[in-house]
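Visitor: Sharing a model prediction with you, sequence too.
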Amino acid sequence: MSTHLFGIRHHGPGSARSLRLALEALKPDIVLIEGPPDAQEVLPLMRDKAMVPPVALLIYAPETPSKAVYYPFARFSPEWQALDYAFGHKLPVRFIDLPQAIQLAREPEEVEPEEAPAEPVGGDETVTSAAAPEAPVDEQEQPPASPREDPLALLAQAAGYDDHELWWERQIEQRRDMVGFFEGILEAMTALRADTSPRDEEEAQREAQMRQGIRAAQQDGFQRIAVVTGAWHSPALGELSDAKGDVALLKGLKRIKTQATWIPWTNSRLAYRSGYGAGVTSPGWYEHLWTTGDGAPTRWLTRAAHLLRSEGQDASSASVIEAVRLGEALAAMRDLPMPGLAEMHEATQTVLCHGEAARMSLIREKLEIGEAMGKVPPETPAVPLQRDLEAQQRRLRLPATTEDKQYDFDLRNENDRARSQLLHRLRLLGVSWGEPQRNYKTTSTFHEYWRVKWQVEFVIGLIEANVWGNTIARAATARSIDAADKSADLPALTELLDQVILAGLPEAVEHALARVRDQAAVSADVRHLMDALPPLAHVARYSDVRGAKAEEVLPVYAALFERALIGLPGACASLDDEAAAAMVESVNRVDASVSTLNDAGQREEWIATLRGLVERESIHGLVRGRSARIMLDRGALSEEKLQLLARLALSTVTPAPQAGAWVEGVLQGGGLTLLHQDGLWQALDGWLSDLAPEGFIALLPLLRRSFSGFQAPERRAMGEKVKKLHTPGGQAQTSDSAMAPINRERADLVLPVLAQILGGSDA
């Protein structure tokens, strides 16, 4: 009876290649792998040809799905190759790590991202917590790992390398003679751990559990036992004499119920390092090394050239040849058997990318990392909600892909309308597969624009949402009804009503509308009434496209509109600067809702209310200025009236801060309309000229903020306008030609010619 320890590095092609050769030579009768026993039942699914790495084992608590961990596998992962060898030779294979039923039981309900445990890169489980968001770490930005966190970092340091990734690349990935590889790893790890106890109680329990797994295999009569584990753990698994101590260490540990399944994974997720400490910086490169035999550098540079050409960049065959020569020359200078990623990186950037960082970032994103997404067999366990989504994705021809795609849905088309409803329903469930986009080139009401990109963690969202129902429609309806019942905020309720109409959920629409009516009847906050109007206006204007009935929403909108207008003047009294800015936001929302519905009667009421605000000097200058600007844009304020208001608001008796606030309010919006308001510019020029130096300095930040909202061409035109304020005639003209009076007799002679050119009558 013999036990053979294979200390590996997760996601290392060198480890995977060496492990496969070692297993072929050993011919074990059982394979033990550092992994969660909770997933034992779903391991045989990997034998299905439909299973294509990268994939991940997902283990979660059914009662609290947010408690979950992923165990990712790439084709070049040593654990994957160990599983593939075992199943290919019909050998028993077992996961022997501490069950996640125990590890998840001691996790807090919520884990803050900064508190997510960082696992050792060189020798710990391939696991990432679903509770901890991950962030990509580029190889140039990757912080150095301490020897405690990454035992291989100390070996790299001893060899004279600052970058342990580069050391691993050159010493392992480029090594041709792998004889004694695992013996060397075991010897090195034994030396590193000679004076080191387990880092914490959890590590001690995990190693005790793995030793128990080895003992169980021995008791079952297996003669040649292969143990595949992180390099750091391998020295601790060789001594099996203290069985009682291990039993005592594991006794009484709390457990929770867990479930396991396989999910597709992506290369970009393999490149992350946060809660998932086993990340690799360049999974695309490692995949290339694993799948490509001789000539890997040449084929890599050829792929880089193909990628650049597909993006419309120049990359000739001669450039590829020159890049290959440069890579080989760099490898020879560095005494390497073949060019590695560092040499390929330098050769690519120098020759193919001509030193341009933008081109190199494309190579990094698309090639070195890549967005390859794995596949799992159809019979893989999944919650009913996930099955329903998969069925709808097939029916609607809307595949889940990590590629960033843009869609234009024509809501008059049944299939496109169903696609839109699916994406809206998923957003109600907290799964933002699609993000609505605005398109300023069209005002069509029957088109929707979406940006769609699948993220692997959406699976957790579906598992969590499954408590609301077994189909997307039922779950979205139930969750929306629950959200409506729990919300007492009127704007939030009207926003929810808009969302459920977009999602096509009739039952939720009826319930949300009833809640809006009830809350509107008791709401007394004027700003809440105002903020609730835009979603209702959107529903009333565009609901017919989706088959909803606008007549059910219009009475609610009209009632809220009247109450908001009645209460607005009183709500604008005695506002400080912060409250005035918030009130202006609410005023903008009401104006947007009036424009959306385009009802003449409501528009007149709104203008009348704004006129009352403009003429009340007790109201904050920002509110009065913004009200005046809205009236000007709506054609309800003449140039003479605006000039009079400007002179009053900017008079010497008005405090400078209030005058500045009025200017800020008037300047909100586009600049083209203001360019023709000579009286406003003259009043503004006079006001600024009369300011004391200290007053001007105090108001300068406000004025700069006010003008910063304009586009660069608008600001240039305004500068020209200011130049002409002091022309001999004293009038600010918008152009040189406008300074001369129009000769109507000569202009009338042009009209017949223009009529002929335009195809009209010359009469």
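Guide: Structure received. Numbers count the residues shown, from 1 in each chain.
Visitor: so how far is Leu26 from Ser2?
Guide: In this view, Ser2 and Leu26 are 9 Å apart by C-beta to C-beta, to the nearest Å. Just so you know, the C-beta spots here come from the backbone N, C-alpha and C atoms, and that holds for glycine as well.
Visitor: of those two, who's got more company?
Guide: Neighbour count, other C-beta atoms under 10 Å: between Ser2 and Leu26, Leu26 has more, with 15 against 11.
Visitor: what sits against that one?
Guide: Shown in contact with Leu26 (C-beta atoms under 8 Å, 6 or more residues apart in numbering): 4, 224, 226.
Visitor: and the last one, that's in a helix?
Guide: No. Counting by DSSP: H, G, I helix; E, B strand; the rest coil, one finds Ala226 to be strand, located in no helix.
Visitor: OK, contacts around the residue nearest to it when sequence neighbours are not counted?
Guide: Nearest non-adjacent residue to Ala226, counting by C-beta to C-beta, 6 or more residues apart in numbering: Pro28, 3.9 Å away. With C-beta under 8 Å, 6+ apart as the criterion, the residues that contact Pro28 are 4, 91, 222, 224-226.
Visitor: State the helix or strand in which Pro28 lies.
Guide: For Pro28, there is no enclosing helix or strand under DSSP states H and E.
Visitor: returning to that earlier point: derive a PyMOL selection command for the buried subset of the contacts of Leu26.
Guide: Of the contacts of Leu26, the buried ones go into a single PyMOL selection, burial set by 16 or more other C-beta atoms under 10 Å:
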select buried, resi 226
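Visitor: coming back round to it: touching both of Ser2 and Leu26, which residues are there?
Guide: Arg224.
Visitor: how close does the closest residue in space to Thr401 that isn't next to it in sequence get to Ser319?
Guide: Leaving out its chain neighbours, the residue that sits closest to Thr401 by C-beta to C-beta, 6+ apart is Trp454, at 5.8 Å. To Ser319, Trp454 is 35 Å away according to C-beta to C-beta.
Visitor: contacting residues for the nearest residue to Glu346 once chain neighbours are set aside?
Guide: Nearest non-adjacent residue to Glu346, counting by C-beta to C-beta, 6+ apart: Leu330, 6.2 Å away. Taking C-beta under 8 Å, 6+ apart, we find Leu330 in contact with 339, 343, 346-347.
Visitor: Tell me which residues of the helix or strand Leu330 falls within come out buried.
Guide: Applying DSSP H and E as the criterion places Leu330 in helix 317-333. In terms of neighbour count (16+ other C-beta under 10 Å), helix 317-333 has its buried residues at 319-320, 322-324, 326-328, 330-331.
Visitor: May I see the buried residues of the helix or strand that comes right after it?
Guide: Note on helix 317-333: by DSSP H and E, the next helix or strand toward the C-terminus is helix 341-347. By 16+ other C-beta under 10 Å, the buried positions in helix 341-347 come out as 341-345, 347.
Visitor: what's the answer for stretch 237-257, then?
Guide: Neighbour-count burial for stretch 237-257, counted by 16+ other C-beta under 10 Å, picks out 237, 246, 249-250, 256.
Visitor: Please, where are all the helices along the stretch 1-150 of the chain?
Guide: 13-26, 78-88, 100-103 (DSSP state H, counting those that start in this stretch).
Visitor: Tell me which of these lies nearest to Ala159.
Guide: helix 13-26 (15.4 Å; C-beta to C-beta).
Visitor: angle of that closest one against helix 78-88?
Guide: 30 degrees (axes from the mean of the first three to the mean of the last three C-alpha atoms, to 10 degrees).
Visitor: Just the C-alphas of helix 13-26, formatted as CSV.
Guide: Provided in CSV are the C-alpha atoms of helix 13-26 (Å, rounded to 0.1, in the frame of the first residue of the first chain):
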residue,chain,number,x,y,z
PRO,A,13,-0.5,24.0,-17.5
GLY,A,14,3.0,22.9,-16.3
SER,A,15,1.4,21.3,-13.2
ALA,A,16,-1.4,19.8,-15.2
ARG,A,17,1.0,18.3,-17.8
SER,A,18,3.3,16.9,-15.2
LEU,A,19,0.4,15.5,-13.2
ARG,A,20,-1.0,13.7,-16.2
LEU,A,21,2.4,12.1,-17.0
ALA,A,22,2.8,11.1,-13.3
LEU,A,23,-0.6,9.5,-13.1
GLU,A,24,0.0,7.6,-16.4
ALA,A,25,3.3,6.3,-14.9
LEU,A,26,1.8,5.5,-11.4
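Visitor: Now for Asp97: which residues touch it?
Guide: Applying C-beta under 8 Å, 6+ apart, the residues near Asp97 are 34-37, 125, 206, 209-210.
Visitor: same check, this time on Thr596
Guide: 534, 537-538, 541.
Visitor: on that earlier part again, of the contacts of Asp97, closest to Val653?
Guide: Of the contacts of Asp97, the one sitting nearest to Val653 (C-beta to C-beta) turns out to be Glu125, at 74.6 Å.
Visitor: Helices along the stretch 601-750 of the chain, start to end?
Guide: 621-633, 639-649, 656-667, 678-690, 693-708, 712-723, 744-758.
Visitor: and those helices as JSON lines, adding distance to Ala260 and mean neighbour count?
Guide: Listed next are these as JSON lines, based on distance: least, C-beta to C-beta, whole Å; neighbours: other C-beta atoms under 10 Å:
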{"stretch": "helix 621-633", "distance to Ala260": "58", "mean neighbour count": "25"}
{"stretch": "helix 639-649", "distance to Ala260": "69", "mean neighbour count": "17"}
{"stretch": "helix 656-667", "distance to Ala260": "59", "mean neighbour count": "23"}
{"stretch": "helix 678-690", "distance to Ala260": "69", "mean neighbour count": "18"}
{"stretch": "helix 693-708", "distance to Ala260": "54", "mean neighbour count": "13"}
{"stretch": "helix 712-723", "distance to Ala260": "57", "mean neighbour count": "13"}
{"stretch": "helix 744-758", "distance to Ala260": "74", "mean neighbour count": "9"}
